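Engineer: Turn this into a model:
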Amino acid sequence: MELAILPLYLSALAAVYLLPGPDMALVIATGAARGKRLALVTSLGIALSRGLHVLMSGAGLAALMAAHPVLLDIVRWVGAAYLLYLAAQVLRSDLRLAAAERSDSSARSCFLRGFLTNLMNPKALLFCGLFLPQFVAPAQGSVLTQFLWLGTILVLVGFAFDCMYALAAARIGRGMQGRASPLKKWLLPTVLVLMAGRLLAS
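Structural biologist: You can find the predicted model right below:
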């Protein structure tokens, strides 16, 4: 990639990651309700999923889904069902034992929640498939190498923004400590249900 294009690419990524979306909502809700550590673990799961989206779009899966809308609908419905399942599981977990959120199994569940929530969002795959090629210049060398570099930057910038949201939300959550525990208990399940609704409506 030409160095002159890099500032434009980074600015475009920043604009995308500043817009509210499912990933931002999940990280903020997790940070506010469960703290910095689990929000950062969730961000890591999202980053890994973004990396897979880059690889899948490079392999042509994004183009295949764009050409066959029925595949998009299947992924959308599966993703929405998964989000509703997560909301029920989170609520059950809270009702059983709030302290369980500090366990290793809880960290694993947060990682998987971030990973699968992003993976089941067809818009994330289509974004990679439509956005990255705009910055690939065949005259600059191997298209695959450029695509991978652009994808790596996309994942790292997204992870940096998610970490920023996680830390800010955790700080807000600490301020709510003891004063709004019912709100914190219902925050994440509510966000997951809203995300499922948005996915189905899109």
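Engineer: distance from the centroid: which residue in the chain tops it?
Structural biologist: Within the chain, the residue lying farthest from the chain centre (C-alpha atoms, centre = their mean) is Ala139, at 32.7 Å.
Engineer: Determine how far the last residue of stretch 32-39 lies from the first.
Structural biologist: One end of stretch 32-39 sits 8 Å from the other (C-alpha to C-alpha, to the nearest Å).
Engineer: The protein: helices as residue ranges?
Structural biologist: Taking DSSP state H as the test, the helices found in the chain are 6-18, 22-34, 36-58, 61-67, 69-96, 104-119, 122-131, 143-176, 181-201.
Engineer: Single out the most deeply packed of those.
Structural biologist: helix 22-34 (a mean of 25; mean count of other C-beta atoms under 10 Å). C-betas here are computed from N, CA, C, even on glycine.
Engineer: Could you check how far the nearest residue to Phe159 once chain neighbours are set aside is from Gln140?
Structural biologist: Of all residues not flanking Phe159 in the chain, Ala47 sits nearest, at 4.2 Å (C-beta to C-beta, 6 or more residues apart in numbering). Using C-beta to C-beta, to the nearest Å, Ala47 is found at 26 Å from Gln140.
Engineer: From Tyr9, how far off is the spatially most central residue of the chain?
Structural biologist: The centroid of the chain falls nearest to Asp23 when counting by C-alpha atoms, centre = their mean (3.3 Å). Note on Asp23: its distance to Tyr9, by C-beta to C-beta, is 19 Å.
Engineer: again, but for Thr145
Structural biologist: For Thr145, the distance to Tyr9 - C-beta to C-beta - is 15 Å.
Engineer: same thing with Val193?
Structural biologist: According to C-beta to C-beta, Val193 and Tyr9 sit 35 Å apart.
Engineer: what does Arg174 give?
Structural biologist: 35 Å.
Engineer: Now for Gly51: which residues touch it?
Structural biologist: 151, 155 (C-beta atoms under 8 Å, 6 or more residues apart in numbering).
Engineer: Tell me the confidence at it?
Structural biologist: You'll see Gly51 listed with a pLDDT of 94.
Engineer: That one and Gly21, how far apart?
Structural biologist: For Gly51, the distance to Gly21 - C-beta to C-beta - is 17 Å.
Engineer: ok, back up a step: tell me the contacts of the residue nearest to Phe159?
Structural biologist: 155-156, 158-159, 162.
Engineer: from those, which is closest to Met56?
Structural biologist: Nearest to Met56, judged by C-beta to C-beta, of those is Val155 at 13.1 Å.
Engineer: quick one: the closest one and Leu55 touch, right?
Structural biologist: No - under the criterion of C-beta atoms under 8 Å, Val155 is not in contact with Leu55, lying 10.5 Å apart.
Engineer: thinking again about what came up before, quickly, which of the helices of the chain bottoms out on average pLDDT?
Structural biologist: Among those, helix 61-67 carries the lowest mean pLDDT, at a mean of 62.
Engineer: Can you list the neighbours in contact with stretch 159-178?
Structural biologist: Stretch 159-178 is touched from outside by 14, 17-18, 23-24, 27-36, 39-40, 42-44, 46-47, 50, 183-184, with contacts defined as C-beta under 8 Å, 6+ apart.
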